[in-house]
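A.B. asks: please find the sequence and the predicted model below.
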Amino acid sequence: MKKKKILVSQPRPKSDKSPFFDVAEKHDAEVVFRPFIKVEGLTAKEFRQSKINIPDYTAVIFTARTAVDHYFRLCEENRFKVPDTMRYFCTTEAIARYLQKYIVYRKRKIFFGASGHLNDPQLIQAMTKNNKEKFLFPVSDVHNSEDAKADEDVLSAHKVNFTKCVMYRTVSNDFTPDEPFDYDILLFFSPSGIDSLMKNFPDFRQEESGISIGAFGEATAKAVEDAGLALAFHAPTPTAPSMAAALDEFLVAQKKKKK
């Protein structure tokens, strides 16, 4: 029997400790990491057109490690030395720890939440306690979804003095003509990935190909359905908090159907 071939639309992890490898081994499947989208940073010239002066801000809000990278890159390209007094507010501890790539980690100036969302009580409390700060909120050019609006509403509701600024863009990571597309399952993590799928394969016929699609997050699941595609499974759910767990559940259910 042919092995199932699963495309995970994310960059390949640096180690082999990804839970997707565990799921693939458990079900005797093949997993391929191949992003449908890639991130490009705005040039210093492009960023200057936004008229945002980075030195005016005394705190930064980070919701992704990508935002951390491009914030410090643009600071360097604009010859701005980030002061030791800068305060950082991160949606996860992982993002907060990632700051060590650029600064000395000091708890008194780095704050993070436990839930991964901007409306995390712990994170909001830290922001309101530092309400005299002027916050910069680096985002991508596609930060215009319902989730993004919710983030801004949360900050505004708690009277956080913030400015949202685009520092990087998401673009389609096009497939080459000779690149095989022989997958049984596609996993997507953002609406942009669905846009890229339809751009790369405008004649994509899901029913004919028999490809199953999994999505992470409500916005991604909606994008699948809006594109006229069938969603086989999604995460997070009460029983599958991660995409790997949802994939495992789906493969287990498929095996049961065949019996």
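C.D. replies: Right, received. Where do you want to start?
A.B. asks: give me the nearest residue to residue 193, chain neighbours excluded.
C.D. replies: residue 36 (4.3 Å; C-beta to C-beta, 6 or more residues apart in numbering). All C-beta spots, glycine's among them, are computed from the backbone N, C-alpha and C.
A.B. asks: count of residues packed around that neighbour?
C.D. replies: When neighbours are counted by other C-beta atoms under 10 Å, residue 36 registers 24.
A.B. asks: isn't it up against residue 200?
C.D. replies: Yes. Counting by C-beta atoms under 8 Å, residue 200 is a contact partner of residue 36 at 7.4 Å.
A.B. asks: anything in contact with each of those two?
C.D. replies: Taking C-beta atoms under 8 Å, 6 or more residues apart in numbering as the contact rule, residue 36 and residue 200 both touch residue 172.
A.B. asks: tell me the helices in the chain, going along the chain?
C.D. replies: According to DSSP state H, the chain carries its helices in the segments 19-26, 44-48, 65-77, 93-98, 121-129, 146-157, 191-200, 206-209, 218-226, 243-258.
A.B. asks: which non-adjacent residue is nearest residue 118?
C.D. replies: Residue 118's closest residue in space is residue 151 (C-beta to C-beta, 6+ apart), at 4.7 Å.
A.B. asks: and that neighbour, how far from residue 124?
C.D. replies: For residue 151, the distance to residue 124 (C-beta to C-beta, to the nearest Å) stands at 12 Å.
A.B. asks: looking at those two, which is more packed in?
C.D. replies: Comparing residue 151 with residue 124 by other C-beta under 10 Å, the one with more neighbours is residue 151, at 22 against 19.
A.B. asks: got the contact list for residue 171?
C.D. replies: 37-40.
A.B. asks: for the closest residue to residue 224 other than its chain neighbours, grab the count of nearby residues.
C.D. replies: Nearest residue to residue 224, sequence neighbours excluded (C-beta to C-beta, 6+ apart): residue 231, at 4.7 Å. Residue 231: 16 surrounding residues under other C-beta under 10 Å.
A.B. asks: quick check, residue 231 in contact with residue 212.
C.D. replies: No. Between residue 231 and residue 212 there is no contact under C-beta under 8 Å: 9.0 Å.
A.B. asks: so where is the stretch 101-250 of the chain shaky, pLDDT-wise?
C.D. replies: Of all residues in the stretch 101-250 of the chain, those with pLDDT under 70 make up the ranges 143-148.
A.B. asks: one step back: now the contacts of residue 171 in a markdown table, with distance to residue 241?
C.D. replies: Output for the contacts of residue 171, formatted as a markdown table (distance: C-beta to C-beta, whole Å):
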| residue | distance to residue 241 |
| --- | --- |
| 37 | 23 |
| 38 | 27 |
| 39 | 25 |
| 40 | 31 |
